[in-house]
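Enquirer: build me a model:
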Amino acid sequence: MVLFLIFYWFSDRRPSPFAFPFLGSQKSGNAVLGLPYALASISFCQSFNLDLLKASATLTLAELWLGLGSNHTKRALDLLHGAFPMILGHGGLELRARAYIFEANCYLSDPSSSGSFCVLYCFDEDVQNIIE
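Expert: This next block holds a predicted model:
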């Protein structure tokens, strides 16, 4: 709530699109609490054509879906793969790394995954591409 008030106060008392992803990603231990903030952020970004911020909010929403349990892994990966073109094309190093780490986390938490070796190998290649 404090973050929302800070962003609200410094944005001429209009809700800032930057406030919602921060609120949605708070570590409360309950992923359900962050869902309304992430969805509001995506809606706000979509209405003002803030594509990169929408991709970041979608990544936050995917993280929240995975936080609901490993049976939501497919939905989280679908959200992430939908946001990947914008994140990889225009996102900064931190956002790209966050997306890659989350993708690896999804594959490792999926009980139907064929194995973690392929995930770690692909993740290592992606890290090398980021470093170069």
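
Enquirer: where along this protein do the helices fall?
Expert: For the chain, the helices defined by DSSP state H occupy 2-10, 19-24, 35-47, 51-67, 73-90, 93-109, 116-131.

Enquirer: hey, least reliable of the ones you listed by pLDDT?
Expert: Mean pLDDT values for the helices of the chain show the minimum at helix 2-10, a mean of 44.

Enquirer: give me the distance between Lys74 and Gly34.
Expert: To Gly34, Lys74 is 20 Å away according to C-beta to C-beta, to the nearest Å. (Each C-beta comes from the backbone N, C-alpha and C, glycine too.)

Enquirer: looking at the two, which one has more neighbours?
Expert: Neighbour count, other C-beta atoms under 10 Å: between Lys74 and Gly34, Gly34 has more, with 22 against 12.

Enquirer: please name the nearest non-neighbouring residue to Asn105.
Expert: Leaving out its chain neighbours, the residue that sits closest to Asn105 by C-beta to C-beta, 6 or more residues apart in numbering is Leu66, at 7.0 Å.

Enquirer: list the contacts for the one you found?
Expert: Leu66 makes contact with His72, Thr73, Ala76, Phe102, Asn105, Cys106, Ser109, according to C-beta atoms under 8 Å, 6 or more residues apart in numbering.

Enquirer: at 10 Å instead, please
Expert: When contacts are counted by C-beta atoms under 10 Å, 6 or more residues apart in numbering, Leu66 is found next to 31, 72-73, 75-77, 79-80, 102, 105-106, 109-110.
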